[in-house]
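> predicted model and sequence follow; I will ask about them next.
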Amino acid sequence: MKYEFPKDFWWGSAASGPQTEGAADVDGRKASIWDHWYQEEPGRFFNNVGPTNTSNFYYQYKEDIQLMKETGHNSFRTSIQWSRLIPDGIGEVNPKAVEFYNNVIDEMLANGVEPFMNLYHFDMPMSMQELGGWENREVVSAYATFAKTCFELFGDKVKHWFTFNEPIVPVEAGYLYDMHYPNVVDFKRAAQVAYHTTVAHALAVKEYHALNQGGEIGIILNLTPSYPRSQNPADLRASHIADLIFNRSFLDPVTKGEFPADLVAILKEHDAVPVHTEEDLAVIKNNIIDILGVNYYQPRRVKAKEYAAHPDAPFMPEHLFDNYEMPYRKMNPYRGWEIFEKAIYDIAINLRDNYGNIPFFISENGMGVEGEDRYRTSDGSIDDHYRIAFIKDHLRWLHKAMDEGANCKGYHLWTFMDCWSWANAYKNRYGLVEVNLDDNYKRTIKSSGRWYKELSENHGFEG
């Protein structure tokens, strides 16, 4: 069977500035929370590998954009680092950063690769974190100024903008589960961070629409369907709560302009309603997105609580449900994630039926594998046949959703080339292109990269 996609479908990949650029301490860039945390606690990073150099895109972007062309990209998402463009978070714009991002955008356009630009990918400038980060309303205003600056500098050439990548992750990882800096465990503060992030997003959308630059603006959400263990009402309630907290907390306000009433009730019950104003709520209501980016990696499976939480334990979302491990599930053992391809279909149908069939694209989907060296062939490249199979299996379900009317515009893989991945550093590799850290960041296209070019050129695949 031929799985055929539209001729104008976006085939490409996604990355971020902090994970690929390197050059963390040159040309005027100042520290983000990642640079600071690495200096404080290098042992929290896999093999003590920090964010200083990452994949050297700052110096090799021309070569990399040629490789994008060679791997069938007609589009590519990265991000503008706030700490590079406005090193103090507010104030002076860094001319070296303006030059770099203009050069990257121009090089992409010259090679037929449409730039998709994101503004925030977990990388709070340390100067802003010292003010309280997303807990501080001043930082929200500073971000809106940063966003407007980006639109004014680059909006004549960039026509696809995104305010945040996976905004729930800094909430979860930074303010609930001690996985990212600032390592806070406090549900009420987490709720405030989520609320202020939503306000910042809406202000950026407002700024972009006011400029009338002829493009579109959206947000990139990691949507993780919450599947109940059973159809028992208690399990169904558990899955509804997980969906509210981890998906709809951002999906509803950015598409509908309001927070789900059931979520607000949970916040009230646990004394976690954020400090808010009617003016901010009006900004959220009146500035919904043009397009949605959907990152999908794994499902969430939940069941009703089996035991009550300890009364002295800090309140957590998991006090309202238990996670559930489905027997015989398919796993990516390197990442510890379930592989469940049908979820990409379920997400698309949910957007069709419950969110006005909003235009969306798969903005990340990918498979991280440890020790890919063992798949090296005689020509020196990596035969990552497992990644090709992973992509095909997800695209089949996406194709079915599109056949049934889902409004999907493209598919971006995570990621173009092997990149640094936060606390996991280079433990798992995701790229279509290998990056050899021991050989001057040498790039080598993997089998998946060659296949991805065929996928793009043929607007689909057989089988």
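Right, received. Where do you want to start? Just so we're clear, the structure is a prediction, and the values are computed from it rather than from any experiment. Residues are numbered from 1 along each chain as shown.
> find the nearest non-adjacent residue to Y61, please.
V104 (5.2 Å; Cβ to Cβ, 6 or more residues apart in numbering). Backbone N, C-alpha and C define where each C-beta goes, glycine included.
> is it correct that that neighbour is in contact with Q60?
No: in this structure V104 lies outside contact range of Q60 using Cβ atoms under 8 Å: 11.1 Å.
> enumerate every residue touching G28.
When contacts are counted by Cβ atoms under 8 Å, 6 or more residues apart in numbering, G28 is found next to 84, 87, 94, 96-97.
> gap between the helix ranked longest in the chain and the chain center?
Longest among the helix segments of the chain by residue count, using DSSP state H, is helix 187-211. How far helix 187-211 lies from its chain's middle: 16 Å, per Cα atoms, centre = their mean, to the nearest Å.
> quick check: buried residues in that helix?
187-208 (16 or more other Cβ atoms under 10 Å).
> returning to what we had before: now the contacts of G28 as a markdown table including secondary structure?
What follows is these, written out as a markdown table (DSSP: H, G, I helix; E, B strand; the rest coil):
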| residue | secondary structure |
| --- | --- |
| R84 | helix |
| P87 | coil |
| N94 | coil |
| K96 | helix |
| A97 | helix |
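> of those residues - the most surrounded one?
R84 (27 neighbours; other Cβ atoms under 10 Å).
> touching, that residue and A97? I think so.
Yes: shown here, R84 and A97 form a contact pair, counting by Cβ under 8 Å, at 4.4 Å.
> joint contacts of these two?
Common neighbours of R84 and A97, using Cβ under 8 Å, 6+ apart, are 27-29.
> so which of these would you say is closest to D384?
Using Cβ to Cβ, R29 comes nearest to D384 of the shared contacts of R84 and A97, at 32.5 Å.
> now do the contacts for that closest one.
23, 81, 83-84, 87, 94, 97.
> let's see it at 10 Å
17, 21, 23, 35, 58, 81, 83-85, 87, 94, 96-97, 100, 125 (Cβ atoms under 10 Å, 6 or more residues apart in numbering).
> got it, and V184?
133, 135, 174-178, 190, 193.
> repeat that with 6 Å
Y175 (Cβ atoms under 6 Å, 6 or more residues apart in numbering).
> where's it relative to D262, distance?
25 Å (Cβ to Cβ, to the nearest Å).
> isn't G449 up against K69?
No: using Cβ atoms under 6 Å as the test, G449 is too far from K69 to be in contact (11.3 Å).
> neighbour count: these two, which is higher?
G449 (29 against 16).
> is it true that that one lies in a strand?
No: using three-state DSSP, the assignment for G449 is helix, not a strand.
> in space, what's closest to it - neighbours in sequence excluded?
L432 (3.7 Å).
> got a list of what that neighbour touches?
With Cβ under 6 Å, 6+ apart, L432 has these contacts: 71, 416, 446, 448-449, 452.
> as a markdown table, those with pLDDT and distance to I245 would be great.
Formatted as a markdown table, the contacts of L432 follow (pLDDT from 0 to 100; distance: Cβ to Cβ, whole Å):
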| residue | pLDDT | distance to I245 |
| --- | --- | --- |
| T71 | 98 | 37 |
| F416 | 98 | 32 |
| K446 | 98 | 37 |
| S448 | 98 | 34 |
| G449 | 98 | 37 |
| Y452 | 98 | 35 |
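> which one (most neighbours) among the residues you listed?
F416 (31 neighbours).
> surely that one meets A14?
No: checked against Cβ under 6 Å, the pair F416 and A14 is beyond contact range at 7.7 Å.
> TSV for the contacts of G28, including pLDDT and distance to I344?
Shown next, in TSV, are the contacts of G28 (pLDDT from 0 to 100; distance: Cβ to Cβ, whole Å):
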residue	pLDDT	distance to I344
R84	98	33
P87	98	39
N94	98	39
K96	98	40
A97	98	35
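> what's the burial count for the closest residue to N102 other than its chain neighbours?
Leaving aside its sequence neighbours, N102 sits nearest to F154 (Cβ to Cβ, 6+ apart; 7.0 Å). Neighbour count for F154, taken as other Cβ under 10 Å: 20.
> cool, and E269?
With other Cβ under 10 Å as criterion, E269 counts 11.
> for it, list the residues it contacts.
Neighbours of E269 in contact, by Cβ under 6 Å, 6+ apart: none.
> please tell me how far it sits from D252.
19 Å.
> ok, E4 next?
E4 is 33 Å from D252, by Cβ to Cβ.
> comparing those two, which residue is more hemmed in?
Between E4 and D252, D252 has the larger neighbour count (other Cβ under 10 Å), namely 19 against 13.
> please report how far that one lies from A261.
The value you get for D252 to A261, if Cβ to Cβ is used, is 10 Å.
> with K62 instead?
51 Å.
> of these two, who's got more company?
K62 (13 against 9).
> that one: which element?
helix 57-70 (DSSP states H and E).
> which parts of that helix are buried?
57-58, 60-61, 64-65, 67-70.
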